[in-house]
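1. dropping a prediction and its sequence here:
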Amino acid sequence: MNKKNIFAAAFLLFFIFLGNSFPQNSITLQIFQPLPEIDFGSMLIQNNLSGVPKVFYVSISPAGKNVYVRGYILWDKNDGNGFRQVFSFLTEKFVSKNFYSDELGSSGLRIASHDANSSLTEEILKKGKPTGTYRFQLQLLNENQVYLTETSQDVTFSNPSQTLLIITPESGSSQAVGSVIARWSKITGVDKYKIKLNVRTSPAQSLEEALNSGTPLINNKIIEGGITSVDLRSYLDREWLPGQELVLQVSAVVEGLGGGSTLPSEIISFSIAASAGNTVKSDKESLIALLYELKNDQALQFASLLSNVSMDNVKFYNNEGGEITFAQFQSIINSILSSIVKITIVNQ
């Protein structure tokens, strides 16, 4: 073998040896399938994900190097438009290692930045659980954020849409004045819920109009700790009254993705029952107290007359001349709505 061939062979062996001496950069992604029970909260890539189910496992080689990981979640909702980017994130620099999805955001593996498509995330949140096909794409970057390699995997979810259901009180039911237990279905991965309760002052009001009118009895009070059952009376901002029709909505607070969002239940209505033996006395005492709070001469005259008058002979009218109940009258006063223009005592 001549010197030229010897030199060429040595040169080739040198590069083969060099290539074997430096392990190739790689990142692999394993998504745990099937995922029939996964909820959208488990897919959120944010800090402090401990406690949510594990969605995927990431292997990085070589270990012990300073790296970044950039990730993307894309969604094909089977509408013929293909994949669209829902979410992206970039970690802070960390020492390369293998990890599970719920370790993202923990010490040593923090999220530096993220971005979300708000319209798509709202659409997904309304469904409650992922449906369609999602593409998880991860890129491995070196310590200078230079691209090294990437991996991706598609997963199809067969979940039906998840909705938050109010279990009690039942819609249309009558509840005791002293206590109303609200209980709703649990949304997996959600730790906070908020409650809104209001008075429906007229059958002409839609449930949504009633919920958002005036001053609510409970105004978006936050229930933490994953609790799904409370006594509504414990959260009242003002007292409900016998005979009132109330409207209730419970919403799951889904955190993350640029501030998070809510998954609301349907609005239900129920009424506060009144004991026939106590209603007249309670209504009269409540009306007299209201009149005294108005602190004007006419109100005081009405209060004096009421002491010897049955509530059956007291009528309430709105500004259009329509008769309303005492419960509706008191709700309007408490809500500082000036709809009542006339109160009369008949047969006197």
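-> Nice, thanks for sending it over.

2. what's the distance between the closest residue to residue 115 other than its chain neighbours and residue 111?
-> Closest residue in space to residue 115, ignoring its immediate chain neighbours: residue 88 at 5.1 Å, by Cβ to Cβ, 6 or more residues apart in numbering. (Glycine included, C-beta is placed from N, CA and C.) Residue 88 sits 11 Å away from residue 111 when distances are taken as Cβ to Cβ, to the nearest Å.

3. for residue 69, same thing?
-> 10 Å.

4. tell me which of the two has more neighbours.
-> Between residue 69 and residue 111, residue 69 has the larger neighbour count (other Cβ atoms under 10 Å), namely 23 against 19.

5. now that one: which helix or strand?
-> Per DSSP states H and E: residue 69 is located in strand 66-76.

6. strand 66-76 and the helix or strand following that strand, what's the angle between them?
-> Going down the chain from strand 66-76, the next helix or strand is strand 84-91, by DSSP H and E. Angle, strand 84-91 to strand 66-76, by axes from the mean of the first three to the mean of the last three Cα atoms, to 10 degrees: 170 degrees.

7. and strand 84-91, what does it pack against?
-> Contacts defined by 3 or more Cβ pairs under 8 Å, 6 or more residues apart in numbering; DSSP states H and E place strand 84-91 against strand 66-76, strand 111-116, helix 118-127.

8. list the buried residues for that strand?
-> By neighbour count, with 16 or more other Cβ atoms under 10 Å as the criterion, the buried positions of strand 84-91 are 86-91.

9. how big is the angle separating it from helix 118-127?
-> 100 degrees.

10. which residues sit against the helix or strand that strand 84-91 is followed by?
-> Per DSSP H and E, the first helix or strand lying C-terminal to strand 84-91 is strand 94-95. Strand 94-95 is contacted by residues 63-68, 108-110 when judged by Cβ atoms under 8 Å, 6 or more residues apart in numbering.

11. re earlier: bridging residues for the residue nearest to residue 115?
-> Beta-bridge pairing for residue 88 (DSSP bridges): residue 72, residue 115.

12. next, the contact list for it, please.
-> 70-73, 114-115.

13. do I have it right that residue 274 meets residue 240?
-> No - using Cβ atoms under 8 Å, residue 274 is not in contact with residue 240, being 11.0 Å away.

14. can you give me the helices in this protein?
-> Assigned helices in the chain, in chain order: 3-21, 118-127, 207-211, 276-294, 297-306, 326-334 (criterion: DSSP state H).

15. those helices: lowest mean pLDDT?
-> Least confident of these, judged by mean pLDDT, is helix 3-21 with a mean of 47.

16. shared neighbours, residue 69 and residue 111?
-> Listed contacts common to residue 69 and residue 111 are 90-91; contacts here mean Cβ under 8 Å, 6+ apart.

17. need the contact list for residue 68.
-> Contacts of residue 68 (Cβ under 8 Å, 6+ apart): 90-94, 140-143, 145.

18. ok, those vs residue 228, which is closest?
-> Relative to residue 228, the closest of these is residue 91; by Cβ to Cβ it sits at 33.7 Å.

19. just give the nearest non-adjacent residue to that closest one, would you?
-> residue 69 (4.8 Å).

20. so what's that neighbour up against?
-> Shown in contact with residue 69 (Cβ under 8 Å, 6+ apart): 27, 58, 60, 90-91, 138-141.

21. which of these has the most neighbours?
-> Within the contacts of residue 69, residue 60 tops the neighbour count with 23 neighbours, counted by other Cβ under 10 Å.

22. residue ranges with poor pLDDT in the stretch 101-250 of the chain?
-> Judged by pLDDT under 70, the stretch 101-250 of the chain has its weakly predicted residues at 125-130, 157-162, 189.

23. quick check: buried residues in stretch 99-116?
-> 99-105, 109, 111, 114, 116.

24. no no, stretch 268-277
-> Buried, per 16+ other Cβ under 10 Å, within stretch 268-277: 268-272, 274.

25. among those residues, which are located in strands?
-> Applying DSSP state E to the buried residues of stretch 268-277, the entries found in strands are 268-272.

26. tabulate those (CSV), appending pLDDT and distance to residue 186.
-> Below are those laid out as CSV (pLDDT from 0 to 100; distance: Cβ to Cβ, whole Å):
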residue, pLDDT, distance to residue 186
268, 94, 18
269, 94, 23
270, 94, 21
271, 92, 27
272, 91, 27
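
27. how about the residues you listed in JSON lines, adding distance to residue 222?
-> JSON lines is the format used below for those (distance: Cβ to Cβ, whole Å):
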{"residue": "268", "distance to residue 222": "20"}
{"residue": "269", "distance to residue 222": "23"}
{"residue": "270", "distance to residue 222": "22"}
{"residue": "271", "distance to residue 222": "26"}
{"residue": "272", "distance to residue 222": "24"}
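
28. which two in these are spaced the farthest apart?
-> Longest span within those, Cβ to Cβ: 268 and 272, 14.0 Å.

29. domains for this structure, by residue range?
-> Listed by automatic domain parsing, the domain ranges of the chain are 3-158, 166-272, 276-345.

30. most tightly packed of the helices and strands packed on strand 84-91?
-> Greatest average neighbour count among the helices and strands packed on strand 84-91 goes to strand 66-76 (a mean of 20), per mean count of other Cβ atoms under 10 Å.

31. buried residues in stretch 201-219, which are they?
-> So, applying 16+ other Cβ under 10 Å, buried residues of stretch 201-219: 201, 205, 207, 210-211, 213, 216-218.
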